[in-house]
Structures are given as structure tokens and as C-alpha cells.
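Student: Here you go, sequence then predicted model.
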Amino acid sequence: IMRLTSLAPVVLAFCVGILLGSALQQKSQKSVESSNSGPKKGIVLEVADVPFRQTSHIDEQGRPIVKQQLFEPFLVPNFVGFSVATFKPGQVMMPPHEHNSLHEFFYVIEGVGVIQKDGVEHQVKAGTFLHMAPFEKHGIYVPKEAVEDMKMIVCGVTVREEK
């Protein structure tokens, strides 16, 4: 976990470029057999224009964590999409869970929260970047006392088939 300041947007764009590039390179190296090599045209979006949708993560009070899905999962092979997740004060995504084949990346853009990674709690705020490698247990919550939502950019890359 590291804190980034004025370089945050540049670092984030660089990381996303690396992820997309590696996913496309991996796909092109595998073979020409599959016709799904990703979209043929790029997109330009304003986050404010993207509707909120519920995630599969439901907190202890029955409230779903919501996200704005900017790029759908697996449009580019191995890339699990790009979204902005919103956690309300008091929302909890626990118990910690893990992924067998996913490198998951989070970048906090607003608010404060707590990320539990392999049993250790880390206070996070705008400017915090996190990487969860396969098999790292992680959970997220926003303290009830928080005065604003926590928003995070979430994306990831699969490295092998989920078991």
C-alpha cells in the first residue's frame, strides 16, 4: 500500500496502460484461433454519465455496494473491467475474501476507509493505491463515523483459470 500525491493520475494511467498492454500481448501470443481480441474502437466517457449498478457485494445491513462500470469485464481478454466503486459510511465488504487467479488494483479517489489485507488493517484515503495478488485475503469497510462516501477505482487482470 502506498500513498501517491500529484503523480497519482500519471501513475494510474501508466498502470492501466501496462495492464491493457499485457492482456492484449498475452492474447496475441496465445493464437489467432479466437476471434475475440477486444473492441475494435476505443471509448470516451464522463464518469458522471455512467449509471450506478449494484455489485454482488452486500453489506451486513443488506445494502449493496454500487459501482459505475466504465469498461465491461473481459471486453479485452483477461482484463476484468474498470469501474468506480462507492462505499457508504458504515458499509462493510467482509469477511475478507481472495481470488485464485486475479490481480486486483484499487485506487482511492475520495473519502476514507479501511482495507484489511492478510489480517492487517490499513487506513486508506484519497491517493492510496493497492494491489491484491492472487490468494491475498482482503476486505474493505468505511467507518460509520465517516462523513462522506469512499470512492475507489477498481480493475484487475486474470492470470489463469479460476478454480
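Tutor: Looks like it arrived, so ask away. No experiment lies behind these values; they were computed from the predicted model shown. Numbering: from 1, shown residues only.

Student: so where do the helices sit in this structure?
Tutor: Listed in chain order, the helices found in the chain under DSSP state H are 8-30.

Student: could you show me where the strands are in it, in order?
Tutor: Using DSSP state E, the strands assigned to the chain run over residues 2-3, 53-58, 64-71, 79-87, 92-97, 102-110, 112-117, 120-125, 128-132, 138-141, 150-158.

Student: So residue 70 sits against residue 83, correct?
Tutor: Yes: if you go by CB atoms under 8 Å, residue 70 and residue 83 touch, sitting 6.0 Å apart. Any C-beta I mention is one placed from the backbone N, CA and C, and that applies to glycine too.

Student: So if I had to pick from the two, which one is more boxed in?
Tutor: Remark: of residue 70 and residue 83, residue 83 carries more neighbours, 22 against 16, as counted by other CB atoms under 10 Å.

Student: what sits against the more buried one?
Tutor: 67-71, 153-155 (CB atoms under 8 Å, 6 or more residues apart in numbering).

Student: Return the residues in contact with the residue nearest to residue 84 when sequence neighbours are not counted.
Tutor: Leaving out its chain neighbours, the residue that sits closest to residue 84 by CB to CB, 6 or more residues apart in numbering is residue 68, at 4.6 Å. Counting by CB under 8 Å, 6+ apart, residue 68 touches 47, 50-53, 83-84, 86.
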